[in-house]
Every structure is written in structure tokens, then in C-alpha cells.
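Engineer: the sequence and its predicted three-dimensional model are supplied below.
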Amino acid sequence: ETDDTAAEHAHMLTDAIPFSIIGSTEDARSPYGRLVKGHEYLWGIAEVENENYSDFHNLRSLLICRHMFDLNSMMKELHYENYRQQQMETRKFWEPCPSLIINGSWDRDGT
């Protein structure tokens, strides 16, 4: 993406704040016969990804697509390092790594 396109997209997302979100894990059949995520009401269906009234797509784009590098970095730097530090503090040096234990016995080759 070019800087102008990214800036335009960021401006569009900023203008959408506060976001109006419809969320659902349930499937509903639209009047056109499509199966969509949404809530079915007496007056019709509120579709999760219908951009006419739900900013779900914009919010997902903002959080996931635009910040994937940040999410990956945080996962590695924070969560993995905390796990590694906890393992170093609690495991005895003679104990095998849990991922090398297969069916209750230690697989020395790691295969």
C-alpha cells in the first residue's frame, strides 16, 4: 500500500469512531437466500458484515490487518518470553521438555 492509500484508510477509520458493531456467532438466512452471520429479528436480519449499518468490517480491518505486526511482536516478546522465563524458573535441568514426552515416555530424538 502507498502512504496516501494508508493515510486515506486511517482517516476513514478515524471518522467512523465511535464504531457501531453488530456481533453474532449464529448463522441466519437473508431475504436473498444467503447464509450470513447476524441476528434475526421480527423486522428482518441485522447482518454482522453489512457495512450499511455495522462497522464490524472496519474495526476488524483496524485491529487485525493494520496491527498484525504489533500483535505478532507482542505475542513473541511478551507471552513467549513470560512462558520461557516461567519454564526456566520452575523446570529442573534434568526434566525433559513437555513437547518431547510422547505417550508417557521421553523421546530423546525429538521425533
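Structural biologist: Sure, I can see it. Because the structure is a prediction, the values reported are computed rather than measured. Numbering: from 1, shown residues only.

Engineer: how close does the residue nearest the centre of the chain get to residue 54?
Structural biologist: Centroid-nearest residue in the chain, with CA atoms, centre = their mean: residue 64, separated by 6.2 Å. Taking CB to CB, to the nearest Å as the measure, residue 64 falls 16 Å from residue 54. (C-beta placed from N, C-alpha, C; glycine too.)

Engineer: for this structure, just list every one of the strands.
Structural biologist: Assigned by DSSP state E, the chain shows strands spanning 27-29, 35-41, 44-47, 101-102, 105-106.

Engineer: report the rounded mean pLDDT for the last one.
Structural biologist: Per-residue pLDDT over strand 105-106 has a mean of 54.

Engineer: please apply the same query to the second one.
Structural biologist: Strand 35-41 carries an average pLDDT of 88.

Engineer: list the buried ones in that strand?
Structural biologist: 36, 37, 38 (16 or more other CB atoms under 10 Å).

Engineer: what pairs with that strand, parallel or antiparallel?
Structural biologist: Using DSSP bridges, the strands paired with strand 35-41 in its sheet are strand 27-29 (antiparallel), strand 44-47 (antiparallel).

Engineer: please identify which of the ones you listed is closest to residue 91.
Structural biologist: Residue 91 lies closest to strand 27-29 among these, at 44.9 Å (CB to CB).
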